[in-house]
Structure formats: structure tokens, C-alpha cells
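Engineer: No sequence on hand, only this structure:
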């Protein structure tokens, strides 16, 4: 793995200006922030720099303003949430560069924290414009990226800016990169991957990459139906991408060549309507799904067999639920397997790394997230990393 410069490589920062890229794209409802997870993730980096006497300027995007100013997407809306988590006053600065930022720095004392305006208000941000990055860099002494979730995009605040100033990985970024390296970069074998979710089409690249990297590939969610259909199973009226069965067959062939075992459910939970606890609910063998039934979860026997597989593994990467977990009782398999993984991880028998929005929600629902080795809140960046892609905002931090 490339060695990254981290905050440990920084010497005296007192009075210096730290430009810190963070993820403040927070969920809002009725003008209030509803989840502080992303702020809590970057708080250690911000507080460490502030305590060391740096003037900390936070760079972040918020929503998709498409290169123009929109009051509903100003970072001033999340300033209070940042201040609340940090337990410190945070100044809002209405620009990202130029004299207004310079004036704010003139007022700020060492250790003070400011949040700059939404980087995406300027077209240069999404174009990764070097000139735009240079104007931001003029007010800074060094750059810290603590936004793994935004680092799969080559934007001015994640990539070009890191070329203008000495660049470092923040603590959240550092933890993420170490966990990912442990999970797929140089993992302890055997390795299992759980890949779930509705559609194969969104995860083709992930599946193609994983069959060459893991010994066990566990397929769940609606995706499993497409795999079952490719193996000649009649999946009734289940969600299924029938047009992709050819592609899936070639993934299965590649897995065979690479000696990767693909685990598909052999018993399933079905119903005639998708609703909480439907009257038509039953468990059956995959070969017994009726034409008017849909598969909505992995069955208990297959779930138990998957738990046994995890017990033979040393590393697990998890992305996506096994069933329609938001609707009970179709959360049963996801909850059971997540709890098995969490228990093995807690005992030190399994390095378990999970990521992606639905996955985090499912693991929290199972009360299992806290015992996983690492849970990444990044969606797109986590998936691209699972595809084996180089992330531009990460690559630029390498020593």
C-alpha cells in the first residue's frame, strides 16, 4: 500500500492555516440536520489541528447546486451542527477564496475554526480546475483530506488542491484507508464478500473484481434472483434482471476459474405481496417458488450455512443487505448473518469491514455495526474501491 502522509507527519502548525476537506453533506429535514454521523467522523481531525493552534478552514460541498449559489444549499445551514459536535464556536465564511477569506483569517486566532461556503457554488470545483484550486490554496499553508466519501471524484477541493499545498490524510481518512487495506489490499485469507442489494447492474464491476480476490462470494438481495435465474431457477415474479443472466453466467464461470465459491440461497422466504408480515408468507426450496410469488429474503437453512462459512474465514467485506430488510420479517437473514459477523469480529476471529448507505442502515438495524472492525459511511467511494479502482482524492495523498 502507498504510504500516506498523515497528521503525524505535520510538525509545528501553530498559527498556520489548515485547509481541511470534510464531508458535511448532511441529511436535513425542515431546516434541521437529522444525522450528525459525518461530523462526528471528522471531529478528531478538526479538534487535533485546532488544539495544536492551527487556524482551521473547513471545505465541503452540500447538495448539488451545479456551479451556482443557492441559499438552500449554503454551508451556513450546517454551521450549527458542526459547532454542536465540536463543542466550539465555528465561524461561517461566505466565500472559499479571495479577500473575504483573508479578512476572516485576520480576525481568527490560532485554534479557531471556520467553515467556508459550499465548494460546488463555483463551476471550477466539479471541473477540477487547477486555477480555482490555486485561489483557494493562496489562503492556506497545508491541506488535509478527511473526506474519503468524496475522494472518488476528481474535484478541485479533493484533487487539484492537494497538488497546490503539502497534503495529508486526516484521521478519518487514515482509519478508512487502513481498514480497506486490511480487507482487500492485503487481507488475511480466506476472504468472504457479502454483496447484496436490488440490482446486479449497479454492482457488475464489483462482482467481476471480487471473484478474483475472495474465496467466498455470498450473493443476497434482489441480485441473488438474477443469479438463480442464470442457473435455471424459476424465480416467479421476483425482482430479477433477466436480460443480465448471460453476464451473470460469465461471472460464475470466472469464479470457477479463480476457485471462488459463489453462495446462492437454496431455501428462500417468499410471499405473493410485498408488505409487512403478509398472509401469504412461506419458506420453501428455491425450486418451489410459485409463478405468483416473489423471493424477499434468504431462508433460515441457507442463512445458517452462510454463518458456518463466515466461521471458516478470516476477513469479510460486506456491501448490501441479503433481503428486503426495511420490511419485516424480510430482515431476518440480514440481521442473523450480521450478528454472526459482529460476534466473530468482536472475538478477534474475523476482520469485518462494511460500507455503503443501505449496509450501514442494515447493520445498525441489526445492532451489529459497533462490533464490526470498521464500518464505512461512504457509498460511491466504497463501491469504487470494491471495484479495484484508484480513487483520485486518495492517490494524490501518497508519499
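Structural biologist: Alright, I've got the coordinates. These figures come from a predicted structure and were not determined experimentally.
Engineer: Ends of stretch 8-22, what's the gap?
Structural biologist: Stretch 8-22 has an end-to-end distance of 18 Å (criterion: Cα to Cα, to the nearest Å).
Engineer: Off-centre distance for that stretch?
Structural biologist: 26 Å (Cα atoms, centre = their mean, to the nearest Å).
Engineer: same question, stretch 226-245
Structural biologist: Here the centre of mass of C-alpha atoms in stretch 226-245, compared against the chain's by Cα atoms, centre = their mean, lies 28 Å away.
Engineer: so how far does that stretch reach from one end to the other?
Structural biologist: 6 Å.
Engineer: ok, now stretch 365-374?
Structural biologist: Stretch 365-374: ends 16 Å apart by Cα to Cα.
Engineer: neighbouring contacts of that stretch?
Structural biologist: When contacts are defined by Cβ atoms under 8 Å, 6 or more residues apart in numbering, stretch 365-374 is touched by residues 175-176, 179, 182-183, 318, 325, 331, 334-335, 338-339, 341-343, 345-346, 350-354, 360, 363, 375. Using the backbone N, CA and C atoms, a C-beta is placed for each residue, glycine as well.
Engineer: Stretch 130-141 too?
Structural biologist: 13, 16-19, 57, 59, 96-98, 101-102, 105, 122, 124-125, 143, 156-157, 160-161, 163-166.
Engineer: Going through the contacts of stretch 365-374, which ones are buried?
Structural biologist: Taking 16 or more other Cβ atoms under 10 Å as the criterion, what is buried in the contacts of stretch 365-374 is 175-176, 179, 182-183, 318, 325, 331, 334-335, 338-339, 341-343, 345, 350-354, 360, 363, 375.
Engineer: among those, which are in strands?
Structural biologist: The strands in this structure, assigned by DSSP state E, contain 318, 351, 352, 353, 354, 375 from the buried ones among the contacts of stretch 365-374.
Engineer: ok, which pair from the residues you listed is furthest apart?
Structural biologist: The most widely separated members of these, counting by Cβ to Cβ, are 351 and 375 (12.6 Å).
Engineer: For the stretch 51-200 of the chain, just list every one of the helices.
Structural biologist: For the stretch 51-200 of the chain, the helices defined by DSSP state H, counting those that start in this stretch cover 79-86, 99-107, 123-126, 130-137, 161-164, 171-180.
Engineer: least reliable of those helices going by mean pLDDT?
Structural biologist: For these, the weakest mean pLDDT is recorded on helix 171-180, namely a mean of 93.
Engineer: Quick one: end-to-end length of stretch 387-399, please.
Structural biologist: With Cα to Cα, one end of stretch 387-399 sits 23 Å from the other.
Engineer: for that stretch, which positions count as buried?
Structural biologist: 387, 391, 392, 393, 394, 396, 397.
Engineer: Closest one of those residues to residue 220?
Structural biologist: Checking those one by one against residue 220 (Cβ to Cβ), the nearest turns out to be residue 387, at 18.6 Å.
Engineer: contacting residues around that closest one?
Structural biologist: So residue 387 contacts 205, 206, 209 (Cβ under 8 Å, 6+ apart).
Engineer: mean confidence for the one helix or strand the second one maps to?
Structural biologist: Counting by DSSP states H and E, the element that carries residue 206 is helix 204-210. Per-residue pLDDT values across helix 204-210 average out to 94.
Engineer: hmm, who's touching it?
Structural biologist: With Cβ under 8 Å, 6+ apart, helix 204-210 has contacts from 193, 195, 200, 217, 244, 247, 251, 254, 260, 317, 319, 383, 386-388.
Engineer: what about residue 260, how many neighbours?
Structural biologist: 20 (other Cβ atoms under 10 Å).
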